[in-house]
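Q: Pasting the sequence and the predicted model now:
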Amino acid sequence: MSTKKNIAIIMGGFSSEYKISLKSGNVVYETLDSTKYNGYRIHIFKDKWVYVDANNNEFPVNKDDFSVRVANRVIFFDCVFNAIHGSPGEDGFMQGYFELLNIPHTSCGMYQAALTFNKRDCLSVLKPYGIKTAASFYLNLGDAINEKDIIDKVGLPCFVKANKAGSSFGITKVHKKDDLKDAIDIAFKEDDEIIIESFLDGIEVSVGVITYKGDTKVLPITEIVSENDFFDYDAKYLGKSQEITPARLNKEQEEKVNILAEKIYEVLKMKGFSRSEFIFKDGDPHLLEINTVPGLTKESILPQQAAAAGISLAALFDNAIEEALKQI
């Protein structure tokens, strides 16, 4: 009788990020220690939840208990490895579903996922803890748009972002008032809520924080130097940026952002992976956003940071599963 654990690696999702998620999920599938785990690729889309076998045959997932029937055998899962970026993997829906079914999963809790996915709400919750952020202006679909009020509040250039989207979808850097309306339209294509933020001119860094062997661990910091006007989709995924790990920070900057990233993780009672983005302004790190299902492809930032800390991809993924299994 095999003692190997059955691990469902969920990937895909409902958002513009599904292709990146499939890449991340496949990296997890290929990297998992096959002496300890049986990995199963589970594609989650609006119109189907299926297990995809090695020959790309698809078997439907029973949503009542998250099991899969293959031939005459029903497969149940010991743990779920969450590799869905965006909805429904990063916004609390899958977390709530697995928590109701009592199946351990590698991501943070339902509330933490929902909160961090909503940039506006997350920044508001963290403000009382002294976390600095850019000046911001909120718009909901259907609100009257007063360009002068927006620019008076956030200045130019500014960033217009979808409130609940990742991977730089629905984000525009606006340099002049005439371009504001188009940028707002682009953001509303991704979400019915948007956030407009002042441009912070400084060093941009990404800080991975994970639970590693039972403790909160801050990984080596990555500095983001985009060839484009900002760290947009092309910069992130098409190689149009330099990601320098460890970041070229002085000791004081490094210490400040490390303490802050760890504080945010602890304050929000996070678990699993997280990657927080900051920009230094006047010597202080300002929080941009938090990702709770960061990219796990070989080019992705968090795996680069883990490697710099001496943690291999296999060890990173193994640890995520071991930590999740402690939840039982």
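A: Structure's in. What do you need? Numbering: from 1, shown residues only.
Q: Just the local confidence number for L260, please.
A: Each residue has a pLDDT score; the one for L260 is 97.
Q: Actually, P104.
A: P104 is given a pLDDT of 98.
Q: same thing with the one 3 residues further on?
A: pLDDT recorded at S107 is 96.
Q: And for T3?
A: Reading off the model, T3 has pLDDT 88.
Q: Span of stretch 58-76 from start to end?
A: 16 Å (Cα to Cα, to the nearest Å).
Q: And the contacts of that stretch?
A: Stretch 58-76 is contacted by residues 6, 8, 40, 42-43, 48-53, 77, 80, 97-98, 101, 103 when judged by Cβ atoms under 8 Å, 6 or more residues apart in numbering. Every C-beta, even on glycine, is put in place using the N, C-alpha and C of the backbone.
Q: Y97 falls within a helix, correct?
A: Yes - inclusion of Y97 in a helix is indicated when DSSP: H, G, I helix; E, B strand; the rest coil is applied.
Q: give the contact list for K48.
A: K48 touches E58, P60, counting by Cβ under 8 Å, 6+ apart.
Q: any idea how far it is from N56?
A: 14 Å (Cβ to Cβ, to the nearest Å).
Q: Could you list every helix and strand in contact with the helix or strand that contains I184?
A: Element membership for I184, per DSSP states H and E: helix 180-190. Contact here means 3 or more Cβ pairs under 8 Å, 6 or more residues apart in numbering; DSSP states H and E; on that basis helix 180-190 packs against helix 147-154, strand 158-162, strand 171-174, strand 193-198.
Q: in the first one, what counts as buried?
A: Of the residues in helix 147-154, I150, I151, V154 count as buried by neighbour count, 16 or more other Cβ atoms under 10 Å.
Q: Packing partners of that helix?
A: Packed against helix 147-154, as judged by 3+ Cβ pairs under 8 Å, 6+ apart, are the following elements: strand 136-140, helix 180-190, strand 193-198.
Q: just the helices in the stretch 151-300 of the chain please.
A: Using DSSP state H, counting those that start in this stretch, the helices of the stretch 151-300 of the chain run over residues 180-190, 233-237, 251-267.
Q: coming back round to it: inside helices: which ones of the contacts of stretch 58-76?
A: Y97, F98, L101 (DSSP state H).
Q: Buried ones among those residues?
A: Buried, going by 16+ other Cβ under 10 Å: Y97, F98, out of these.
Q: can you redo the ones in helices among the contacts of stretch 58-76 as JSON lines with distance to T292 and pLDDT?
A: Formatted as JSON lines, the ones in helices among the contacts of stretch 58-76 follow (distance: Cβ to Cβ, whole Å; pLDDT from 0 to 100):
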{"residue": "Y97", "distance to T292": "16", "pLDDT": "98"}
{"residue": "F98", "distance to T292": "14", "pLDDT": "98"}
{"residue": "L101", "distance to T292": "20", "pLDDT": "98"}
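Q: Go through the ones in helices among the contacts of stretch 58-76 and say which is closest to K119.
A: Y97 (23.3 Å; Cβ to Cβ).
Q: Contact partners for the closest one?
A: F66.
Q: quick check, nearest of the ones in helices among the contacts of stretch 58-76 to D284?
A: F98 (37.5 Å).
Q: what about the residue nearest to the closest one when sequence neighbours are not counted, neighbour count?
A: Leaving aside its sequence neighbours, F98 sits nearest to H105 (Cβ to Cβ, 6 or more residues apart in numbering; 4.6 Å). By other Cβ atoms under 10 Å, 26 other residues sit near H105.
Q: same check, this time on the one 5 residues further on
A: Residues lying near M110 (other Cβ under 10 Å) number 18.
Q: Not counting its own residues, what contacts stretch 310-319?
A: Outside stretch 310-319, the residues touching it (Cβ under 8 Å, 6+ apart) are 27-28, 31-33, 36, 81, 210, 212-213, 296, 298, 303, 306-307.
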